[in-house]
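S.K.: What follows is a protein structure lacking sequence information:
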């Protein structure tokens, strides 16, 4: 074989994902060479603690704590930026771009927070940022939306984008354990951080949804503008009642093009069993995208973890090295001055079927009072279920579950507030969206 | 907005898919422009019968029956080649390449038959062939394998690649109708051709598998070398017995990297219900790919039809126009002189659990005779089920279903032959592979 062209690359950061990337590049250079038509040669690995033992055999002299060595090496054009958090991650990415490097990143929080600034700077400098690994780890959703489905107007996108939440919910559902127990198990197995707040409160999913909505719909939205609720207040009983009615609960990140604009939210949602999204278990991620030409396309895979994420990073490094990523990045025009192609619809007006659970005194006339309030708010009841077996003998309450026909978010939340104030209702209860089989939520 | 760059493109053939492509390019030029950074301007549409009425509004002077007009127009660089069959499709593709055009095609049969010649010619001429639409229609499996999963060694690939077969099998399973009835229904609804042979006998799936195996494993195999069986001899009773045991039947195209080489075949296979492949219904396609870094990634979508296929064609046209496809095609090195990276394993030695059904006389000693033959061939029995309710009173036979532990293909086929010759066995019966939940077949 003739001597193969070399592209010098570098890594900044060598935590879990960085170690996986180093392994793929060093141990499987033949395969990256085959797909890139050139060797991706690891020239520098910039870390904070160069003397720390590493899980990948690094060639001598590669590891350094001196970022300048990389910045001042004009031969290195492709850098995998694999440090978490906002700072110094942001400053380092700007330095990399300014020193003429194209950057591959898995840092979704950084893009969700500083994406516009970083993309603008890259554009001004003629550089590229590739970020497949930032959303849904091993599922190549960025490439699929921005490239493979380019002939489509995306109509809707429903994603299970937070593996921690899905792991916890799956365990609650299948083992009947409480949220706290399922969370501890997730922490023990490494699926949840010591402080899981960002994962379980919907923030992480909202950050990923903001990135996908930018790509798929040309939306310009900061993740904090996205209405969101997590799974951290879900009670195991509701999973049981929902299951009896044929539903699984999933934390869905939803984007839908409506006449009124783009509907965008992160919501624990009841999904009919037997549909692909309902069957996504454990820490897996999945995304259902509907395009106006292609129809529904469903993706399922590992949303996190060392090697799935490293797989996405290295695919991006190849794309950058061969020049594909530069073309894609330029055409995506993710610039802040670009006018948004769509505005958000008013969340209060979004429609869905709903699941309500109220803990009510077991006495006559209760349903009439609740139904009265629902009726006043134009909410039509599809079915009512009272779970006498779950009577709370201390308070004398029984769970009353009501499934509605399609109703507006604002009407259901207002009705919930009023019903909670009834004398006969003893807890805050629950209110969950139900995904329609047709895809309308 | 500043005047946008134009890329002149052309279509050859305007059947169902061609009409869909024309619609996307003409009615949704804004969207292709956005993704391509330039307008894809339809300059010529070459058809056999220019005066035939069309379902797409074509600009004046675009439609022609003169291929030379296109071949001699040096401004047109990208051509969607949308004619079926082998000739004149092959000759026209060679003419397009020789006149300096890059070619996008959906013609899987052409690639399966003449791929090496066409790819070699394109390489020699410095041209590109893009063929996303040739496999699995709306599922972008070509881009995902050749680009998004480039950091992986693909370990296995299991696909439902023939929508006609899946439609028929789903209907037999869910409605309890016979193969003939389900086929007629498929023909009535346009899911099956008047002559369905290629779809239902496994040939179509084998052609697609040959293309995927080339991409994912570097295999060099003609589709006719792939052991294959279709669904055209499946009896509805076997679907029922399998369903009782928790399986759905799917026509799977399978490629698996084994120590002994690449296992490659198309087989009606029993798939455990609740797994993603088992839940693929109607005419949908699906593919489960396992990469050594990314783990399992599952894709589900429409495998055929006008707009899903057109979606794939137009995505390829954009990729070609912006220059991404040229990079990918060059790096894929699909040339005939390229040595294969893997050899096929001996199909006789592939292993699987098996489902057998024999129609046997309802008398003592029958099971002993059959078990004796299975034992002689090193086939270990996992369970036995006799369906007395389905006794055939004319012949006095009852269906006997045997599920085995893992056994070799050659042993099970030899055992089947010997068992068929027993006096107490009255029909040829059935033998089906069972997909293991771990993914081992």
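M.R.: That came through fine. All values reported here derive from a predicted model rather than from experimental measurement.
S.K.: The spatially closest residue to residue A:380 that is not a sequence neighbour: how many residues sit nearby?
M.R.: Spatial nearest neighbour of residue A:380, chain neighbours left out: residue A:405 (4.3 Å); criterion: Cβ to Cβ, 6 or more residues apart in numbering or on different chains. C-beta: built from backbone N, CA, C; applies to glycine. Here the number of neighbours of residue A:405 (other Cβ atoms under 10 Å in any protein chain shown) works out to 13.
S.K.: show me what contacts residue A:405?
M.R.: Residue A:405 makes contact with A:353, A:379-382 under the criterion Cβ atoms under 8 Å, 6 or more residues apart in numbering or on different chains.
S.K.: Per-residue pLDDT of it, please?
M.R.: If you check residue A:405, the pLDDT there is 97.
S.K.: State the distance from it to residue A:373.
M.R.: Here residue A:405 is placed at a distance of 16 Å from residue A:373 (Cβ to Cβ, to the nearest Å).
S.K.: ok, for the residue in the stretch 151-300 of chain A that chain B sits nearest to, nearest residue in space, not its chain neighbours?
M.R.: With Cβ to the nearest Cβ as the measure, residue A:151 is the residue of the stretch 151-300 of chain A nearest to chain B, at 3.5 Å. Beyond its immediate neighbours in the sequence, the residue positioned closest to residue A:151 (Cβ to Cβ, 6+ apart) is residue B:314, lying 3.5 Å away.
S.K.: what do you get for residue A:265?
M.R.: The shortest distance from residue A:265 to any non-neighbouring residue, by Cβ to Cβ, 6+ apart, is to residue A:227 (4.4 Å).
S.K.: Likewise for residue A:406?
M.R.: Using Cβ to Cβ, 6+ apart, the closest residue to residue A:406 is residue A:351 (4.9 Å).
S.K.: give me every residue that touches residue A:206.
M.R.: Contacts here follow Cβ under 8 Å, 6+ apart; on that basis residue A:206 touches A:112, A:223-224, A:226, A:228, A:253, A:266.
S.K.: if we go to 7 Å?
M.R.: Under the criterion of Cβ atoms under 7 Å, 6 or more residues apart in numbering or on different chains, the contact partners of residue A:206 comprise A:223, A:226, A:228, A:266.
S.K.: just residue A:116 next, same as before
M.R.: Going by Cβ under 7 Å, 6+ apart, residue A:116 touches residue A:336.
S.K.: Return the distance of it relative to residue B:86.
M.R.: For residue A:116, the distance to residue B:86 equals 52 Å [Cβ to Cβ].
S.K.: The residue nearest to residue A:265 and residue B:205, how far apart?
M.R.: Applying Cβ to Cβ to residue A:227 and residue B:205 gives a distance of 45 Å.
S.K.: who's more crowded, these two?
M.R.: When neighbours are counted by other Cβ under 10 Å, residue A:227 and residue B:205 differ, and residue B:205 comes out ahead with 32 against 16.
S.K.: Which parts of the stretch 251-400 of chain A are strands?
M.R.: Residue ranges of the strands in the stretch 251-400 of chain A, as given by DSSP state E, counting those that start in this stretch, are A:261-272, A:284-291, A:295-302, A:351-361, A:381-386, A:397-404.
S.K.: What is the least confident helix or strand in chain A?
M.R.: Scoring the helices and strands of chain A by mean pLDDT, DSSP states H and E places helix A:29-36 at the bottom, with a mean of 88.
S.K.: what comes into contact with that one?
M.R.: Applying Cβ under 7 Å, 6+ apart, the external contacts of helix A:29-36 come out as A:4, A:25, A:39-40, A:314, A:318, A:321-322, B:150-151, B:153, B:331.
S.K.: cool, and stretch A:47-60?
M.R.: For stretch A:47-60, the surrounding residues in contact (Cβ under 7 Å, 6+ apart) are A:13-14, A:19, A:22-23, A:26, A:45, A:63-65.
S.K.: Out of those, which sit inside helices?
M.R.: Secondary-structure check on these using DSSP state H: residues within helices are A:19, A:22-23, A:26.
S.K.: Quick one: those residues as JSON lines, columns for distance to chain B and pLDDT too.
M.R.: Formatted as JSON lines, the entries for the ones in helices among the contacts of stretch A:47-60 read as follows, by distance: Cβ to the nearest Cβ, whole Å; pLDDT from 0 to 100:
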{"residue": "A:19", "distance to chain B": "12", "pLDDT": "95"}
{"residue": "A:22", "distance to chain B": "12", "pLDDT": "96"}
{"residue": "A:23", "distance to chain B": "9", "pLDDT": "95"}
{"residue": "A:26", "distance to chain B": "12", "pLDDT": "93"}
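S.K.: Next up, the contacts around the residue nearest in space to the middle of chain A.
M.R.: What sits nearest the mean C-alpha location of chain A, by Cα atoms, centre = their mean, is residue A:161, with 3.1 Å. Applying Cβ under 7 Å, 6+ apart, we find residue A:161 in contact with A:135-136, A:205, A:208-209, A:253, A:285, A:303.
S.K.: ok, now residue A:322?
M.R.: Residues in contact with residue A:322, defined by Cβ under 7 Å, 6+ apart, are A:36-37, B:327, B:331.
S.K.: So which of the residues you listed is surrounded by the most neighbours?
M.R.: Ranked by neighbours (other Cβ under 10 Å), the contacts of residue A:322 are led by residue A:36, which has 23 neighbours.
S.K.: Report how many residues lie close to the residue nearest to that one when sequence neighbours are not counted.
M.R.: Distances taken as Cβ to Cβ, 6+ apart put residue A:318 closest to residue A:36, at 4.5 Å, once the chain neighbours are dropped. One way to gauge burial is a neighbour count; for residue A:318, by other Cβ under 10 Å, it gives 30.
S.K.: Also residue A:388?
M.R.: Residue A:388: 8 surrounding residues under other Cβ under 10 Å.
S.K.: how close does the nearest residue to it once chain neighbours are set aside sit to chain B?
M.R.: What sits nearest to residue A:388 in space, not counting adjacent residues and going by Cβ to Cβ, 6+ apart, is residue A:398, at 5.6 Å. Using Cβ to the nearest Cβ, to the nearest Å, residue A:398 is found at 33 Å from chain B.
S.K.: next one: residue A:131
M.R.: Relative to chain B, residue A:131 is positioned 13 Å away (criterion: Cβ to the nearest Cβ).
S.K.: now do residue A:326
M.R.: Here residue A:326 is placed at a distance of 10 Å from chain B (Cβ to the nearest Cβ).
S.K.: okay, the residue nearest to that residue when sequence neighbours are not counted: pLDDT?
M.R.: In this structure, residue A:326 finds its nearest non-sequential neighbour in residue A:128, 4.7 Å apart by Cβ to Cβ, 6+ apart. Among the per-residue scores, residue A:128 shows a pLDDT of 97.
S.K.: What does residue A:128 show for phi and psi?
M.R.: Main-chain dihedrals, residue A:128, degrees, to the nearest 10: phi -120, psi 140.
S.K.: Farthest pair within the contacts of residue A:322?
M.R.: Maximum pairwise distance in those, criterion Cβ to Cβ, is 9.5 Å, between A:36 and B:327.
S.K.: can you count the residues close to residue A:74?
M.R.: Residue A:74 is flanked by 10 other residues according to other Cβ under 10 Å.
S.K.: who's in contact with it?
M.R.: With Cβ under 7 Å, 6+ apart as the criterion, the residues that contact residue A:74 are residue A:100.
S.K.: what helix or strand does it sit in?
M.R.: With the criterion set as DSSP states H and E, no secondary-structure element contains residue A:74; it sits in neither a helix nor a strand.
S.K.: Residue B:226 versus that one, what's the distance?
M.R.: Plainly put, residue A:74 is 50 Å away from residue B:226 if you go by Cβ to Cβ.
S.K.: go on, residue A:41?
M.R.: Plainly put, residue A:41 is 38 Å away from residue B:226 if you go by Cβ to Cβ.
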